[in-house]
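Asker: Build me a model from this:
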Amino acid sequence: MYRSECTLFGLHRKILRRFRNALVNESAVLRMNDPNAKTEDESAVHAVPVTIYHNPACGTSRNVLALIRNAGVEPTVIEYLKNPPDKATLESLIQRMEIRPRDLLREKGTPYAELGLGADHWTDAQLIDQMLVHPVLINRPIVVTPRGVKLCRPSETVLDILAPPQKGPFAKED
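Answerer: Residues are numbered from 1 along each chain as shown. The predicted model follows:
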């Protein structure tokens, strides 16, 4: 009974958070259409420390970066294929996301199949070592904020950990 109540409570919190974000976005759109509404300076950038492990060739990663910037935040952008995280950083990110290394592995467009990484014999430490040797195996984008760390797929999941609301309407690229 306790476990199901916790799951239900967690789901309830997630639904409320998304509903709140939708209301905030709706409110922002209404303010933009109201000529008498007072708005904050559009050039102001929130001083919220946000880091994105980004691949500019990935549409989802570009959308997440655009959502962060649409909230008035200029993140630290780490192009992880050019500057991969070290072992301690990767382990910390995985631990803070509360996932297993296998959950962070990217299959599409990587040496995943060639290396046989789908096999059950790989340990978590071995999978992390493979991600360090082949950073393209690290799924993206990973976003770090004061509210948490998330693999942001789909891109809208970044809203769960992004404190400032969206400043205006946002259209995803296809």
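Asker: Just the pLDDT for the closest residue to residue 113 other than its chain neighbours.
Answerer: Counting by Cβ to Cβ, 6 or more residues apart in numbering, the nearest residue to residue 113 once its immediate chain neighbours are dropped is residue 107, at 7.2 Å. Using the backbone N, CA and C atoms, a C-beta is placed for each residue, glycine as well. pLDDT recorded at residue 107 is 96.
Asker: and if you look at residue 25?
Answerer: 49.
Asker: next one: residue 58
Answerer: Note on residue 58: pLDDT of 95.
Asker: Residue 140 is in contact with that one, correct?
Answerer: Yes. Applying Cβ atoms under 8 Å, one finds residue 58 in contact with residue 140, separated by 5.8 Å.
Asker: For the two, indicate the residue with more neighbours.
Answerer: Set residue 58 next to residue 140 and count neighbours by other Cβ atoms under 10 Å: residue 140 wins out with 24 against 18.
Asker: quick one: that one and residue 60, what's the gap?
Answerer: Distance of residue 140 to residue 60, computed by Cβ to Cβ, to the nearest Å: 7 Å.
Asker: Tell me if the residue nearest to residue 113 really is in a helix.
Answerer: No. Membership of residue 107 in a helix is not supported by DSSP: H, G, I helix; E, B strand; the rest coil, which gives coil.
Asker: low-confidence ranges in the chain?
Answerer: For the chain, the stretches flagged by pLDDT under 70 are 1-46.
Asker: so what's the residue sitting nearest the centre point of it up against?
Answerer: Against the mean C-alpha coordinate of the chain, by Cα atoms, centre = their mean, the closest residue is residue 152 at 3.0 Å. The contact partners of residue 152, taken as Cβ atoms under 8 Å, 6 or more residues apart in numbering, are 60, 64, 141, 142, 143, 158.
Asker: Check residue 62 too.
Answerer: Counting by Cβ under 8 Å, 6+ apart, residue 62 has contacts 56, 173.
Asker: quick one: contacts of stretch 109-118?
Answerer: With Cβ under 8 Å, 6+ apart, stretch 109-118 has contacts from 105, 106, 107, 127, 130, 134, 136, 137.
Asker: Which of the residues in it are classified as buried?
Answerer: Across stretch 109-118, burial judged by 16 or more other Cβ atoms under 10 Å covers 110, 112, 117.
Asker: end-to-end on it?
Answerer: For stretch 109-118, the first-to-last residue distance is 15 Å (Cα to Cα, to the nearest Å).
Asker: Residue 127: neighbour count?
Answerer: Counted with other Cβ under 10 Å, residue 127 comes out at 20.
Asker: Let's verify it: helix, strand, or coil?
Answerer: Classification of residue 127 using three-state DSSP returns helix.
Asker: thought it was touching residue 106?
Answerer: No. Taking Cβ under 8 Å as the definition, residue 127 is not a contact partner of residue 106, at 11.8 Å.
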